[in-house]
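A.B. asks: output the structure for:
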Amino acid sequence: MRWGRGALALALLLAGCAPRAPVPPEPAARRDTQLEARLRELAGRVDGDVGIYVHHLRSGRSAELNADELFPTASMIKVPIMLATYQ
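C.D. replies: Numbering: from 1, shown residues only. Next up, the predicted model:
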């Protein structure tokens, strides 16, 4: 049981890394262009590549920035390893 949570976290993380079919773009009426502009502004301050997808469940509105891009998981893979190490 000691490795149960770490193994589960690792499995969930790796499942999220699997390639997926591209998601069709949201209709323009549902896109929050003001939020997307703000996200672009904030992402411009980051030294690196940024991918963001936000979806408000109640209103159905969404915003995205490079949401369909694939990113390497080199840094993210450390999270479940660190969790297991601390356990």
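
A.B. asks: can you map out the strands along this protein?
C.D. replies: Counting by DSSP state E, the chain has strands at residues 52-55, 62-65.

A.B. asks: pLDDT below threshold where in this protein?
C.D. replies: 1-29 (pLDDT under 70).

A.B. asks: helices of that one, start to end?
C.D. replies: With DSSP state H, the ranges of helices along the chain come out as 4-15, 33-43, 78-86.

A.B. asks: rewinding a little: any idea which of the strands of the chain is most buried?
C.D. replies: Stretch with highest mean neighbour count among the strands of the chain: strand 62-65 (a mean of 19; mean count of other C-beta atoms under 10 Å). C-beta here means a position set from N, CA and C on the backbone, and glycine is covered the same way.

A.B. asks: which residues are contacting that strand?
C.D. replies: Strand 62-65 is contacted by residues 26, 30-33, 35-36, 39-40, 43, 50-56 when judged by C-beta atoms under 8 Å, 6 or more residues apart in numbering.

A.B. asks: 6 Å instead?
C.D. replies: Here strand 62-65 makes contact (C-beta atoms under 6 Å, 6 or more residues apart in numbering) with 26, 32, 35, 36, 39, 43, 52, 53, 54, 55.

A.B. asks: I am finished for the moment; much appreciated.
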